[in-house]
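>>> sequence first, then the predicted structure:
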Amino acid sequence: MPDPYHLTKEKNLFIEQLRGIAVLLVVIYHYTNRIPAVYMGSDTPPLVEFFSGKIGVYIFFVISGYLIAKTIKNSQTLGEFYAKRISRIWPLFLLANTFVLVWLISFPTPVVPDGPKGFDVTDRTFWDYLGTSFFLEDFGFNWLDGVFWSILVELKFYLFVGIFALLFKQRYIEAFSWFAIILAMTDLFILITLGGDEYTLYNKLLHGVIIAQYLPFFAVGMLLFQRNINMVFGICCILVCSQFLYAASLNPDFEVMDTVEFIAIFTLFLIFDKLACKGHLTRLAGEYSYSIYLFHQVVGLSIILMLTPHIGINSAIVVAFVFVMAVSVTGSKLVEWRFRRPLTGILIRAFGYIGLNGQRAVLELKDETDAQEPSSAKTIPAKGV
């Protein structure tokens, strides 16, 4: 049976492995460079360091843009689209948030008092737990785990893109891309011209509410789904590159040659995975990437802190990674897919009360290949994203 959305098995595998690469980059950064080694009880840094974990998050944003365009195409109404996304994210997020709360109560975590690498979750309260559970960071609550910030960015993207799909129909991707370009350019202009403390006056609006600096990443993913490689795509890519560079510049430890060394080692790992393991290692990380991302930071750093004085920082990192993988796989199997379908149904009914189920969100993004396929194939829904 033809795939109406041109997402072949090979493309699914590539996206899964790309997710795996992205989450590994995030984890490696947090375990090797997020906290200075001295605060972990080590006189020397890890053997290998990575300096910009946000690169992994940015890869996730591009993938998300691609897959969300696919989900919108496969959603009958705006309410169905929002229900699918919330049911995909929330159940496992609640489990991870609760697990982190129990962990914080039970075990010590590293503390970096201040500076660009400041880190301290010892003052988190039950109210922060509740605020985190409902993504209320914009209202003054502290994240129970700092990595949760990107989940809120995703949710805001879903809100924006759903509105664009409703208002602009077939042209929503182009409209959203221009929206991303204008806001990202505005944010970049303010950063260059003001900077410093004055820039923070605009932070809450542009970065907190509108997520201006991240919108081009989602736009790139959606344009790739549409296979619309044009000037708008090029502009978005330039803005994406500028954000990559800016994120790297924020790390005071950043070293070019150490980064080159890490890239070489990581590339060797990918070659080994491809030739010896047929891609199973990155595929495994990709399959559980959301769960790994949610569980890894506070839990892993706590384990490294506790074990480093006894077995050294490098061995402690390995133990932390193995433990987090076990927790992530278990959490995913318990929650990630089990409650998705019933929760989607509940949310669709709830959205019906506010009229979202009457708002059509189906987009006929036809091209020459679509036109050659039987019309019956176009009604077959793709697998859930």
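Nice, thanks for sending it over.

>>> contacts only, for I235.
I181 (C-beta atoms under 8 Å, 6 or more residues apart in numbering). Quick note: C-beta positions are derived from backbone N, CA and C, even for glycine.

>>> which SSE is it in?
For I235, the element it lies in under DSSP states H and E is helix 231-249.

>>> that helix: how far from the chain's middle?
The chain centre lies 17 Å from the centre of helix 231-249; the measure is C-alpha atoms, centre = their mean, to the nearest Å.

>>> in that helix, what counts as buried?
Using 16 or more other C-beta atoms under 10 Å as the test for burial, helix 231-249 gives V232, F233, I235, C236, C237, L239, V240, S242, Q243, A247.

>>> wait, the second one touches L223, no?
I take that to be F233. Yes - in this structure F233 lies within contact range of L223 using C-beta atoms under 8 Å: 4.6 Å.

>>> just the CA atoms of the helix holding I235, as CSV, please.
These are the backbone C-alpha positions of helix 231-249, laid out as CSV (Å, rounded to 0.1, in the frame of the first residue of the first chain):
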residue,chain,number,x,y,z
MET,A,231,14.7,31.4,-0.2
VAL,A,232,12.6,31.3,2.9
PHE,A,233,14.2,28.0,3.8
GLY,A,234,17.6,29.5,3.3
ILE,A,235,16.9,32.5,5.5
CYS,A,236,15.6,30.2,8.3
CYS,A,237,18.8,28.1,8.0
ILE,A,238,20.9,31.2,8.4
LEU,A,239,19.0,32.2,11.5
VAL,A,240,19.4,28.6,12.8
CYS,A,241,23.1,28.8,12.3
SER,A,242,23.3,32.1,14.1
GLN,A,243,21.5,30.6,17.1
PHE,A,244,23.9,27.6,17.1
LEU,A,245,26.8,30.0,17.3
TYR,A,246,25.2,32.1,20.0
ALA,A,247,24.4,29.1,22.1
ALA,A,248,28.0,27.8,21.8
SER,A,249,29.4,31.3,22.8
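
>>> by mean pLDDT, flag the weakest helix or strand of the protein.
Least confident helix or strand, the chain: helix 368-372 with a mean of 36, by mean pLDDT, DSSP states H and E.

>>> show residues contacting the next helix or strand after the helix holding I235.
Next along the chain after helix 231-249, taking DSSP H and E as the criterion, comes helix 256-276. Residues from elsewhere that reach helix 256-276 (C-beta under 8 Å, 6+ apart): I21, L25, V48, E49, F50, F51, G279, H280, L281, T282.

>>> do stretch 215-232 as well
Under C-beta under 8 Å, 6+ apart, the answer for stretch 215-232 is 58, 61-70, 157, 160-161, 173-174, 176-181, 183-184, 233, 236-237, 239-240, 243, 365, 367.

>>> which neighbours do F233 and L223 share?
Joint contacts of F233 and L223 (C-beta under 8 Å, 6+ apart) are S177.

>>> what's the burial count for V327?
When neighbours are counted by other C-beta atoms under 10 Å, V327 registers 20.
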